[in-house]
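[1] pasting a predicted model and its sequence here:
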Amino acid sequence: MADQAGKEAKAQLKAEKKAEKLRRKNSTDPADMGRMRQIARAYKLTHEYDKMLPLWVFGSWALVVVVFLAIGFVIGHPIYLALFGLSAGMLLAMMMLVRRTKAATYRRYAGQAGSAEVALSMLPKQWVSKAAIAGTRQMDAIHRTLGPGGLVLIGEGDPGRLKALLAGEVKKHERVAYGVKVITIVMGDKPGQVPLNKLADHIRKLPKTLAPHQITDIKQRLRALDAVRPMAPMPKGPMPTNPRQVKGARQAMRGR
């Protein structure tokens, strides 16, 4: 009986491992992917919006290899410098891929409601962000991020409607932030606004005003604020731009 139970337990464990392996293989979550698969997926998705990607990635790698090889011939060590150039070229190619991937991601979500969340996801780990803490049925939204540069509210949507919405959120946050100034940003392409593709850099470059212990304290206070607020009528994440899909999303928000 004991041997039979042991065999069944091993068989079940083996089946669970096989199922988990299959799940990870078919998963689109980067956390379930290995490094090479992540790179391959990033390249594939970026290439859909950036047809020049192969030229930029391969060209940057080849340029470094050629430069190092030329230097190697000049100093009399072409093989050594060529090998070094291969490694340096791969590093530059990866940096180019990351840069082009970010740019393609912004182009992919530009103009979609909730797209500010894409920029917030690219902030360093020191920043704690929450999307769509408040919004309207017209798809205007207020997002929030907290980090070394302070407590920041990002408005996305119609500037006229956002003015009152932002003012109300500033008052709520100032009551729990205790003396910490709330910074407001309106995302957009008009004068005085910050474009989607520059939003993360704009926030990252804010003067450092909060220490880690202050961020922790304010984060706890914000949890209390969020716990008592009604759910914003705004779905999380970027929304589709297809008119039929947008209409369906709005109907879903109204509970139809």
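    Now that the structure is in, tell me what you want to look at.
[2] show the pLDDT at residue 197.
    For residue 197, the model assigns a pLDDT of 89.
[3] tally of neighbours for it?
    Using other Cβ atoms under 10 Å, residue 197 is surrounded by 17 other residues. In short, each C-beta sits where N, CA and C put it, glycine included.
[4] any idea how far it lies from residue 188?
    Using Cβ to Cβ, to the nearest Å, residue 197 is found at 12 Å from residue 188.
[5] give me the element residue 168 is part of.
    helix 159-177 (DSSP states H and E).
[6] which parts of that helix are buried?
    162, 165, 166, 169, 170, 172, 173, 176, 177 (16 or more other Cβ atoms under 10 Å).
[7] what about the stretch 51-200 of the chain, any weak spots by pLDDT?
    Within the stretch 51-200 of the chain, no stretch has pLDDT under 70.
[8] what about the strands in it?
    Secondary structure of the stretch 51-200 of the chain (DSSP state E, counting those that start in this stretch): strands located at 128-135, 141-147, 150-156, 182-187.
[9] may I see those strands organised as JSON lines, with distance to residue 77 added?
    Formatted as JSON lines, the strands of the stretch 51-200 of the chain follow (distance: least, Cβ to Cβ, whole Å):
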{"stretch": "strand 128-135", "distance to residue 77": "49"}
{"stretch": "strand 141-147", "distance to residue 77": "46"}
{"stretch": "strand 150-156", "distance to residue 77": "51"}
{"stretch": "strand 182-187", "distance to residue 77": "52"}
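[10] now distance to residue 49 and mean neighbour count too, for those, in JSON lines please.
    Listed next are those as JSON lines, based on distance: least, Cβ to Cβ, whole Å; neighbours: other Cβ atoms under 10 Å:
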{"stretch": "strand 128-135", "distance to residue 49": "22", "mean neighbour count": "21"}
{"stretch": "strand 141-147", "distance to residue 49": "23", "mean neighbour count": "24"}
{"stretch": "strand 150-156", "distance to residue 49": "21", "mean neighbour count": "24"}
{"stretch": "strand 182-187", "distance to residue 49": "20", "mean neighbour count": "18"}
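[11] could you find the closest non-adjacent residue to residue 149?
    Leaving aside its sequence neighbours, residue 149 sits nearest to residue 206 (Cβ to Cβ, 6 or more residues apart in numbering; 2.9 Å).
[12] need the contact list for the one you found.
    By Cβ atoms under 8 Å, 6 or more residues apart in numbering, the contact list for residue 206 reads 148, 149, 150, 152, 183.
[13] try 7 Å this time
    Contacts here follow Cβ atoms under 7 Å, 6 or more residues apart in numbering; on that basis residue 206 touches 149, 150, 183.
[14] look at it and give its secondary structure.
    coil (DSSP: H, G, I helix; E, B strand; the rest coil).
[15] how far away is it from residue 145?
    Distance from residue 206 to residue 145, by Cβ to Cβ: 10 Å.
[16] nearest residue to residue 121 other than its sequence neighbours?
    Excluding the flanking residues, the one nearest residue 121 by Cβ to Cβ, 6+ apart is residue 129, at 7.4 Å.
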